[in-house]
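> Build me a model:
(chains A and B)
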Amino acid sequence: MQNFRLKNLDMIILLTVSIMLVNSLVILNKNFNYPFKLKKIVMSKYAILDLSSIIFGIRKFGADIAWIQLLQYYGTEEDELTGHSINKGHTHHHCGLEYGSGKYYDFLKLSKRIINLDPYFYNAYLYSSACLAWNLNRADEGLKILDEAINNKPDYWQFYLYKQAIIYKKLDKYREMVYTLEKVVKNTNCPTIIKVILANTYKKMGEFERSLSLWLEIYKSGDIEYNEYAKREINYLRNVKKKL
Amino acid sequence: MKEIIAIIRYTFKENIRNKTFYVLLLFTIILLFISTLLSVLGGGESIRILYDFGLVIIEFFALLIIVFSGVNLLLEEMDSKALYLILTRPIPKEYYLLGRYFGLLYSVILSMIFMSIIHIILLLYTGWEPNFSYFVSIFFSGLKITIIGALAVFFSLFSTSRVSALVFTLFIWLLGHFNQEIKFLIDKISSTILQIVMRLLYYIIPNLQFFNFRELSDSGIVFSKIILNVLIYGISYSCICIIFSILLFKYKEF
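Below you'll find the model as predicted:
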């Protein structure tokens, strides 16, 4: 008799828990909108890595690795990437107004890889579009990245500001572009690359005082990537100021 | 109740005296420190990288501990015949299994808390501003681990060998994260039979993406709307696995 009662109790508990499970699953299926969509693998070279991040449920981790790979790619001399011998007369990657210039054909693909894995990695959109538009002179590709960003997060106002700045750049309206970038750099989340672009634009326009103050700000931020570069520019601009 | 607490204590002590447990914990701590070095490569995103890497490392090592210990939880005692000694005492089999499961969970959750403290210290050192979503992420990782632990115990009783139980559990972990993609693929399949099979799979396998707050926190999902149901889902799924494990254990002949 006791055995029978126990069996019944087991069944009652199992039934109650099952109802709870089914009920919660039905509600979750209705209300849970999975924010990530399956997208094409952009670079077959990294397919296994990207697929693993999706299957293991670590998209952000995968996007972070892709981000580091993008930075390493962009931080490497193009001659090294293509395997050609270093041409001394060629534009150097990290100097003066030509900062970050070059072809870097895979830049867009690598950026898309990051945002396909994590469409909510906002700084990746901002950084990639800025590099493409200003450093690599591929404004259209920069705009493409921002269009995708706006599509994924329409209420993130900074995307619109960046887009505006790139459009001004495309139309050669430098005054308007500078005005828009000034609004952008006021934001605390602004990536350092934008400050570098604005400082270089000031320099190009002969506004050395403004350029110097921005470089000082970049130097004080302690961003290791731009520390040496900022130091060089500060020295250069101080010398120019003295001569003037 | 007293019996269950005694078994929880015994399992906890057994786990923390286990060398593998310490090796895994030490390895995690080393990895957390290594991720600090890796975050430097992330330029302006160093805090984000350290944050994401740390959370993933904590979850993965908790998973490893719970899967390996969960599978061995009863099998080891059966092999060493220590189980017979325990079951000769007036302890109901369900109390024994519950005690073992909660003891394991207790030690894994404690190790997760310990790893999180180290992670938080590293994050604070790099200038991270503490936020609530970190703690929610850890909490839901813990809930995921609870489900996987229950599944590991169930498979250890259900399957014939340790390896198959281990493979089953890890396979469920993978499918659980791929569940939303399965849902997406169901609409693309033309074969009705395959569609039914996939739909069945979708409902049976635990949807671990519900607990993936770590990934979903930036996406704008209103978590407060679903949080209660996620909790009920996680707890009831684990309960069902444990009930089935108890039933299997009760009717198992030694």
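
> what's the average pLDDT for the helix or strand hosting A:Ile234?
If you go by DSSP states H and E, A:Ile234 is part of helix A:224-243. For helix A:224-243, the mean per-residue pLDDT is 84.

> again, but for stretch B:218-232
86.

> what does stretch B:51-63 give?
Average pLDDT, stretch B:51-63: 93.

> Stretch A:162-181 now?
82.

> One more: stretch A:120-137?
pLDDT averaged over stretch A:120-137 gives 91.

> coming back round to it: output the contacting helices and strands for the helix holding A:Ile234.
With contacts taken as 3 or more Cβ pairs under 8 Å, 6 or more residues apart in numbering or on different chains; DSSP states H and E, helix A:224-243 sits against helix A:192-204, helix A:208-221. Quick note: C-beta positions are derived from backbone N, CA and C, even for glycine.

> Lowest mean pLDDT across those, which one is that?
Looking at the helices and strands packed on helix A:224-243, the bottom one is helix A:192-204 with a mean of 85.

> hmm, back to that, if we go by neighbour counts, what in the helix holding A:Ile234 is buried?
Of the residues in helix A:224-243, A:Glu225, A:Tyr226, A:Tyr229, A:Ala230, A:Glu233, A:Ile234, A:Tyr236, A:Leu237 count as buried by neighbour count, 16 or more other Cβ atoms under 10 Å in any protein chain shown.

> what's the nearest residue to the fifth one if we skip its chain neighbours?
Excluding the flanking residues, the one nearest A:Glu233 by Cβ to Cβ, 6 or more residues apart in numbering or on different chains is A:Trp215, at 4.7 Å.

> For the most centrally placed residue in chain A, give its distance to chain B.
Central residue of chain A (Cα atoms, centre = their mean): A:Ala124, 1.1 Å from the mean position. Using Cβ to the nearest Cβ, to the nearest Å, A:Ala124 is found at 8 Å from chain B.

> what's near enough to touch A:Ala133?
A:Ala139, A:Glu141, A:Gly142, A:Leu143, A:Ala165, A:Ile166, A:Lys169, A:Lys170 (Cβ atoms under 8 Å, 6 or more residues apart in numbering or on different chains).

> so the fourth one touches A:Ile166, yeah?
Right, the one you point to is A:Leu143. Yes. Under the criterion of Cβ atoms under 8 Å, A:Leu143 makes contact with A:Ile166 at 5.7 Å.

> higher neighbour count, those two?
More crowded of A:Leu143 and A:Ile166, by other Cβ atoms under 10 Å in any protein chain shown: A:Ile166, with 23 against 18.

> Assign a three-state SS to that one, would you?
Under DSSP: H, G, I helix; E, B strand; the rest coil, the three-state class of A:Ile166 is helix.

> how much space between it and chain B?
Between A:Ile166 and chain B the distance is 20 Å, computed by Cβ to the nearest Cβ.

> what's the answer for A:Met205, then?
26 Å.

> okay, now that residue: neighbour count?
13.

> intersection of neighbour lists for A:Leu143 and A:Ile166?
Residues touching both A:Leu143 and A:Ile166 (Cβ under 8 Å, 6+ apart): A:Ser129, A:Ala133.

> before we move on, back to that, what about the residue nearest to A:Glu233, how many residues nearby?
27.

> same question, B:Phe27
Using other Cβ under 10 Å: B:Phe27 sits among 13 other residues.

> Poorly predicted segments of chain B, please.
Residue ranges of chain B with pLDDT under 70: B:254.

> Contacts made by stretch B:87-98 with the rest, please.
Stretch B:87-98 has contacts (Cβ under 8 Å, 6+ apart) with B:Glu3, B:Ile4, B:Ile7, B:Leu74, B:Ile86, B:Val153, B:Ile242, B:Ser245, B:Ile246, B:Phe249, B:Lys250, B:Phe254.

> Give me the spatial nearest neighbour of residue 205, chain neighbours excluded.
If you meant another chain, say so; for now it's chain A. Per Cβ to Cβ, 6+ apart, closest to A:Met205 is A:Tyr174, 6.9 Å.

> Actually, chain B is the one I wanted.
Using Cβ to Cβ, 6+ apart, the nearest residue to B:Ile205 is B:Leu175, at 4.9 Å.

> Quick one: neighbours of the one you found, just the number.
19.

> quick one: which of the contacts of stretch B:87-98 is most hemmed in?
Of the contacts of stretch B:87-98, with other Cβ under 10 Å as the count, B:Val153 tops at 30 neighbours.

> so that residue touches B:Leu74, yeah?
Yes. Assessed by Cβ under 8 Å, B:Val153 is found in contact with B:Leu74 at 7.0 Å.

> any shared contact partners between the two?
B:Leu97, B:Arg100.

> angle of the helix holding A:Ile234 against helix A:192-204?
Interaxial angle of helix A:224-243 relative to helix A:192-204 (axes from the mean of the first three to the mean of the last three Cα atoms, to 10 degrees): 20 degrees.

> Report the angle between helix A:224-243 and helix A:208-221.
150 degrees.

> Export helix A:224-243 to PDB, keeping only CA atoms.
Provided in PDB are the C-alpha atoms of helix A:224-243 (Å, rounded to 0.1, in the frame of the first residue of the first chain):
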ATOM      1  CA  ILE A 224      48.500  52.300 -25.800                       C
ATOM      2  CA  GLU A 225      47.800  51.900 -29.500                       C
ATOM      3  CA  TYR A 226      48.000  55.700 -30.100                       C
ATOM      4  CA  ASN A 227      50.400  56.700 -27.400                       C
ATOM      5  CA  GLU A 228      53.600  56.900 -29.500                       C
ATOM      6  CA  TYR A 229      51.800  58.500 -32.400                       C
ATOM      7  CA  ALA A 230      50.200  61.100 -30.200                       C
ATOM      8  CA  LYS A 231      53.600  61.900 -28.600                       C
ATOM      9  CA  ARG A 232      55.100  62.400 -32.100                       C
ATOM     10  CA  GLU A 233      52.300  64.600 -33.200                       C
ATOM     11  CA  ILE A 234      52.300  66.700 -30.100                       C
ATOM     12  CA  ASN A 235      56.100  67.400 -30.500                       C
ATOM     13  CA  TYR A 236      55.600  68.200 -34.200                       C
ATOM     14  CA  LEU A 237      52.600  70.600 -33.500                       C
ATOM     15  CA  ARG A 238      54.500  72.300 -30.700                       C
ATOM     16  CA  ASN A 239      57.400  73.000 -33.000                       C
ATOM     17  CA  VAL A 240      55.100  74.300 -35.700                       C
ATOM     18  CA  LYS A 241      53.400  76.600 -33.100                       C
ATOM     19  CA  LYS A 242      56.900  78.000 -32.100                       C
ATOM     20  CA  LYS A 243      57.800  78.700 -35.700                       C
END
